[in-house]
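Q: what follows is a protein structure lacking sequence information:
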């Protein structure tokens, strides 16, 4: 999945990107899209690796996109237009130079308005083309009318519920305000203890977004430290985990993503999938051949495997289940796919 980091040139986007990916992004007018990976640090993977001692351990990953900074203006819409296939956006709001609450609220509202106006223009153009006989796809006209009413009320499309067919159409048309959004308020470390005001939290919630408060400069510094020094820094600032863990976990939850695991001596690996995915469709995440030739899935829950200590022990007590193609994969399932191509 791909998540874009957007915001003003001086919002701290590059520093935030550094803290999440361990890369060094050019903070001085980079002209190309930057890409980086953030690992989904999961202690379950560590325990499974300790059990199997594999040649390779692979965490799930999130792809982060840092578009070129806009030369002026409160938001980075040029980057948005280049990245219509994103699953979610981060709006980074810089609030480390004495910005008032009103200034923070104005930036949050300006970003939302920009997305709504972009979508309204695209909906109107597409609707007009269909009326003229442009050939709409099944359900498209109804979707456009539903979207148009929401946008006319100056509300982002993520506030509405959309079925799978509608989401495909929303994506193909290039609408932006239906995608998931995390609004990150970036403060200096001295303001972390103050938290976010009710007014800011309520405004973010009204946009259908999730809120996060952090100090990107502090988090980037923490990311360079070893585990012992990290723990000391985190405790000093009242933090439980570095942002590389907190942010990715929040993003996965927002995107309704879970992980299942494959295990063995060669590799222990986490596979992110959408919640409520059936076993046959989930197997495609590993390889398309597994979906095509799917026979069955052998499933053990993570907690049972850890409690019993081995697959053989799980099998002996009947806790290794055989599931068919319609089984809905659960978070933490350990799966071995049987297939024939």
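A: Received, thanks. These figures come from a predicted structure and were not determined experimentally.

Q: show me the contacts for residue 190.
A: For residue 190, the contact set (C-beta atoms under 8 Å, 6 or more residues apart in numbering) is empty. Any C-beta I mention is one placed from the backbone N, CA and C, and that applies to glycine too.

Q: try 10 Å this time
A: Residue 190 sits next to 96, 215, 218, 237 when contact means C-beta atoms under 10 Å, 6 or more residues apart in numbering.

Q: quick one: the strands in the stretch 101-250 of the chain, in order.
A: Using DSSP state E, counting those that start in this stretch, the strands of the stretch 101-250 of the chain run over 180-186, 210-214.

Q: what lies in contact with the last one?
A: When you say that, I think you mean strand 210-214. With C-beta under 10 Å, 6+ apart, strand 210-214 has contacts from 12, 16, 19, 88, 90, 92, 95, 108, 180-187, 189, 191-192, 194-196, 200-205, 239, 242-243, 246-247, 250-251, 253-254.

Q: contacting residues around residue 334?
A: By C-beta under 10 Å, 6+ apart, the neighbours of residue 334 are 44, 48, 260-263, 268, 298-302, 304-306, 311, 314, 320.

Q: that older thread, among the contacts of strand 210-214, which ones are buried?
A: 12, 16, 19, 88, 90, 92, 95, 108, 180-187, 189, 196, 200, 203-204, 239, 242-243, 247, 250-251, 254 (16 or more other C-beta atoms under 10 Å).

Q: neighbours of the residue lying closest to residue 120 once chain neighbours are set aside, how many?
A: Among residues not flanking residue 120 along the chain, residue 151 sits closest, at 4.4 Å (C-beta to C-beta, 6 or more residues apart in numbering). For residue 151, the count of nearby residues is 23 (other C-beta atoms under 10 Å).

Q: equivalent analysis for residue 46, please.
A: Quick note: residue 46 (other C-beta under 10 Å) scores 13 neighbours.

Q: wait, isn't it in contact with residue 57?
A: Yes: between residue 46 and residue 57 there is a contact under C-beta atoms under 10 Å: 8.0 Å.

Q: common neighbours of the two, please.
A: residue 268.

Q: surely residue 318 is within a strand?
A: No: counting by DSSP: H, G, I helix; E, B strand; the rest coil, residue 318 is not found in a strand; it is coil.

Q: tell me the angle the helix or strand hosting residue 4 makes with strand 180-186.
A: Using DSSP states H and E, residue 4 falls within strand 2-7. Calculated by axes from the mean of the first three to the mean of the last three C-alpha atoms, to 10 degrees, strand 2-7 forms an angle of 40 degrees with strand 180-186.

Q: domains in this structure, by residue range?
A: 1-50+60-96+179-257, 101-175, 276-339 (automatic domain parsing).

Q: check these for me and report the most buried one.
A: Greatest average neighbour count among those goes to domain 1-50+60-96+179-257 (a mean of 18), per mean count of other C-beta atoms under 10 Å.

Q: circling back: same for the strand holding residue 4, what does it pack against?
A: Under the contact definition 3 or more C-beta pairs under 10 Å, 6 or more residues apart in numbering; DSSP states H and E, strand 2-7 sits against helix 13-21, strand 34-39, strand 61-66, helix 77-82, strand 88-94, helix 101-131, strand 180-186, helix 243-254.

Q: residues contacting the residue nearest to residue 141 when sequence neighbours are not counted?
A: Of all residues not flanking residue 141 in the chain, residue 130 sits nearest, at 5.8 Å (C-beta to C-beta, 6+ apart). For residue 130, the contacting residues are 136-137, 140-141, 144, by C-beta under 10 Å, 6+ apart.

Q: mind putting the helices and strands packed on strand 2-7 into CSV with mean pLDDT?
A: Below are the helices and strands packed on strand 2-7 laid out as CSV (pLDDT from 0 to 100):
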stretch, mean pLDDT
helix 13-21, 91
strand 34-39, 90
strand 61-66, 91
helix 77-82, 54
strand 88-94, 93
helix 101-131, 93
strand 180-186, 96
helix 243-254, 90
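
Q: and the helices in the stretch 201-341 of the chain?
A: For the stretch 201-341 of the chain, applying DSSP state H, counting those that start in this stretch gives helices covering 216-223, 227-236, 243-254, 279-286, 288-292, 302-308, 311-316.

Q: just send those back as CSV, with distance to residue 325 too.
A: Shown next, in CSV, are those (distance: least, C-beta to C-beta, whole Å):
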stretch, distance to residue 325
helix 216-223, 42
helix 227-236, 42
helix 243-254, 25
helix 279-286, 4
helix 288-292, 9
helix 302-308, 22
helix 311-316, 22
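
Q: for residue 155, find the nearest of the ones you listed.
A: helix 243-254 (18.5 Å; C-beta to C-beta).

Q: how far off strand 34-39 does the closest one point, in degrees?
A: 90 degrees.

Q: and helix 243-254, how far from the chain's centre?
A: 7 Å (C-alpha atoms, centre = their mean, to the nearest Å).

Q: ok, now stretch 153-170?
A: 18 Å.

Q: mean confidence score for that stretch?
A: Averaged over stretch 153-170, pLDDT sits at 94.
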